[in-house]
Every structure is written in C-alpha cells, then in structure tokens.
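>>> no sequence on this one, just coordinates:
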C-alpha cells in the first residue's frame, strides 16, 4: 500500500510549501537569519570569553562557566527575529490571496474555510520552525560547554512551536480581517505589542497605587504573554531558581497556589492559555472568510 495515499496533508500546506521550495527568497531569508544569529554568537563569545578570562585569572573560576549564557542570548535573539518575521508570513496569507484575486477561487473548492486558515498557519509554523532548527548548532554550545541538559533544548523547541502557533493565529486573523497586506501586518504588530506590554499593566498599577502583594491576581494576565513565559523559562534554566517563587516570597498564599508558582505548571498553563487564544483567533478568522462574507 502506498504510504503517500495514507497520509493526508492539508492542501494549503502542500501548495505553500511547494511554492516556497521553488523560490530562492526563502533560502536567502534563512541564510540571512542564520547570519544574524552568527554575528550575535560571535559577539557573545567574545564578550563571555573576555569576562571568563578575567574571572578565572582573579578568582580562579572555571573558564567555561559563562558559556551557559549562550542559550538565553541566542534564544532571545531568535525569538525577536521570529516576532518580526511571523507577521510577514501570516498577515499576508489571506490578504495576499485577495490581492492576487485567488481567494474567491479557493473558496469555491471543497476545502472548508477552517482548513484554509489552519493550512495557512501550519505552513507559516513549519517555515518558522525551520528557522529555529537551523539555529540549533549555535545554541548547542551552551549544552556542550555550559552544562545545560539536552532536555532543555527540547523544552525550548516546544515553547517556540507554541509561540509560532500563537503568533501565527494573530497574523492570520488580521490577514482575514483586512483586504490589504500592509494594514494587516501593522495591526499584527500592534496586537503583539499590546499583549507583550499591557499584560504587565495590572502589576504596574498595583505596585504604584497600592501596597498589596497579590501577585497571583495581577500576574494572571501574563499567562497569555509569551515574553513572560520565556523570561521564567530562561531564568529557571540558567540560575536554577524559579523567578515566580522569588516574586511571591513575601506573599502568603495557600500551598496549591505556591505549587503553581514554584513548579513548571505556570509555564504549561501559559502554553494552554496561548493555544486557547490561538484557537479563538482561528475561529474568528474562519468566520471572516466564509463564503458570502465581505
């Protein structure tokens, strides 16, 4: 039996990946991505090498001790680049079809609207994950010399995958709402900025106008913030301590709440919230491209 006939691939994903594989634009983009990370890698290596040499000379410490910093530096640089390129991949997915006047033809096929949206997001996520995987050799320096376990890399890839789905759903939703790609991309960046910044607003307001240390209430909003999620993840892996545990050290919470803060449950819950919000954006995008919708 032919294996290809048993595996069903979303036709939108198949079409987009076929187009990408025939274009040099994506290959040059991948090259530029790795080149930028390579520059960050070399700069970080020079800085860490200088600091380690100084500390080992005066304090008799391990010269390789600081190379664990490669992981968060490359990881953060990678996430920043992904945040910039995901809207370009997704916010022009539906609006680009409208601009090429192929959207009406796509809607007349047997492909349901939700499959079109999921296919567009899936193709964008696959492209983003190719970028992430291409940077694994650079991040591996932290694991070879810095003492970070390989399980941490696997966890990071899972978080990056969830983040790509989350960001892709926002970009695709904006692409379904707007008929032109440029407004869709701009609004995508605005929504990203609001999620990254405004979710910290309750904590900032409480810290300014009140003496209440109710971090559980104010930081609930950051469950949909991938920046806060990766901040906790990198802090925990590098320092061996939990950032949320430090934040609640002066608060009196029940044991169950303390367990949520002190364990990886917070990160897992954040991923669930992000995937739930991504499903909501996918549903809204599906409603916008239903046949008969303008």
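Received, thanks. It should be emphasised that the depicted structure is a prediction, and the values quoted were computed from it without experimental measurement.
>>> could you use CA atoms for every contact and neighbour count after this?
Noted.
>>> now do residue 189 against residue 170, distance only.
To residue 170, residue 189 is 9 Å away according to Cα to Cα, to the nearest Å.
>>> settle it for me: which of these two has more neighbours?
Shown here are residue 189 and residue 170; by other Cα atoms under 10 Å, residue 170 has more neighbours (29 against 21).
>>> contact partners for the more buried one?
By Cα atoms under 8 Å, 6 or more residues apart in numbering, the residues touching residue 170 are 188, 191, 278, 281.
>>> isn't the first one right next to residue 174, touching?
Yes - A contact is recorded between residue 188 and residue 174 when judged using Cα atoms under 8 Å, the distance being 6.3 Å.
>>> which one's more surrounded, the two?
residue 174 (31 against 26).
>>> can you tell me the helix or strand for that one?
Assessed by DSSP states H and E, residue 174 sits inside helix 150-177.
>>> in that helix, what's buried?
Applying a neighbour-count criterion of 16 or more other Cα atoms under 10 Å, the buried positions in helix 150-177 are 153, 156-157, 159-177.
>>> stretch 275-282 too?
Quick answer for stretch 275-282 (16+ other Cα under 10 Å): 275, 277-279, 281-282.
>>> quick one: contacts for the spatially closest residue to residue 173 that is not a sequence neighbour?
The spatially closest residue to residue 173, leaving aside those adjacent along the chain, is residue 285, at 4.7 Å (Cα to Cα, 6 or more residues apart in numbering). Contact analysis of residue 285 by Cα under 8 Å, 6+ apart lists 117, 172-174, 176-177.
>>> could you look up the SS state of residue 285?
Three-state assignment for residue 285 (DSSP: H, G, I helix; E, B strand; the rest coil): helix.
>>> which secondary element of this structure has the worst mean pLDDT?
The least trusted helix or strand in the chain, going by mean pLDDT, DSSP states H and E, turns out to be helix 3-6, with a mean of 48.
>>> can you name the next helix or strand after that helix?
helix 11-21.
>>> quick one: list the elements packing against that following helix.
Applying 3 or more Cα pairs under 8 Å, 6 or more residues apart in numbering; DSSP states H and E, one finds that helix 11-21 makes contact with helix 113-134.
>>> and stretch 76-91, how far from the chain's centre?
Stretch 76-91 has its average C-alpha position 8 Å from the chain's average C-alpha position, going by Cα atoms, centre = their mean, to the nearest Å.
>>> buried ones in that stretch, by neighbour count?
76, 78-79, 82-83, 86-91.
>>> taking those residues, tell me the two that lie furthest apart.
Greatest spatial distance among those (Cα to Cα): 76 and 91, at 22.6 Å.
>>> in the protein, which ranges drop under the pLDDT threshold?
Low-confidence segments of the chain (pLDDT under 70): 1-8, 48-69, 142-148, 203-219, 239-263, 291-294.
>>> please redo it, this time with the cut-off set to 50
Along the chain, segments meeting pLDDT under 50 span 1-6, 58, 60-61, 63.
>>> so who does the residue nearest to the spatial centre of it touch?
Centroid check for the chain by Cα atoms, centre = their mean gives residue 163 as the closest residue, at 2.9 Å. By Cα under 8 Å, 6+ apart, the contact set of residue 163 is 226, 274.
>>> tell me the contacts of residue 225?
If you count contacts by Cα under 8 Å, 6+ apart, residue 225 has them with 195-196, 199, 270, 274.
>>> please repeat the previous calculation with a cut-off of 10 Å.
163, 192, 194-200, 219, 270-271, 273-274 (Cα atoms under 10 Å, 6 or more residues apart in numbering).
>>> phi and psi next, for it.
According to degrees, to the nearest 10, the main-chain angles of residue 225 amount to phi -100, psi 110.
>>> ok, now the one 4 residues further on?
Backbone geometry at residue 229, expressed as degrees, to the nearest 10, gives phi -60, psi -50.
>>> just give me the neighbour total for it.
20.
>>> any idea how far it is from residue 164?
From residue 229 across to residue 164, the span is 14 Å (Cα to Cα).
>>> give me the contacts around stretch 27-37.
By Cα under 10 Å, 6+ apart, stretch 27-37 touches 20-21, 24-26, 38, 40-41, 43, 73-75, 77-78, 81-82, 85, 127-128, 130-132, 134-135, 138-139.
>>> now, of those, which are buried?
40-41, 73-75, 78, 82, 127-128, 131-132, 135, 138-139.
>>> can I get the contacts of residue 285 in JSON lines with distance to residue 96?
Shown next, in JSON lines, are the contacts of residue 285 (distance: Cα to Cα, whole Å):
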{"residue": "117", "distance to residue 96": "13"}
{"residue": "172", "distance to residue 96": "11"}
{"residue": "173", "distance to residue 96": "13"}
{"residue": "174", "distance to residue 96": "12"}
{"residue": "176", "distance to residue 96": "10"}
{"residue": "177", "distance to residue 96": "12"}
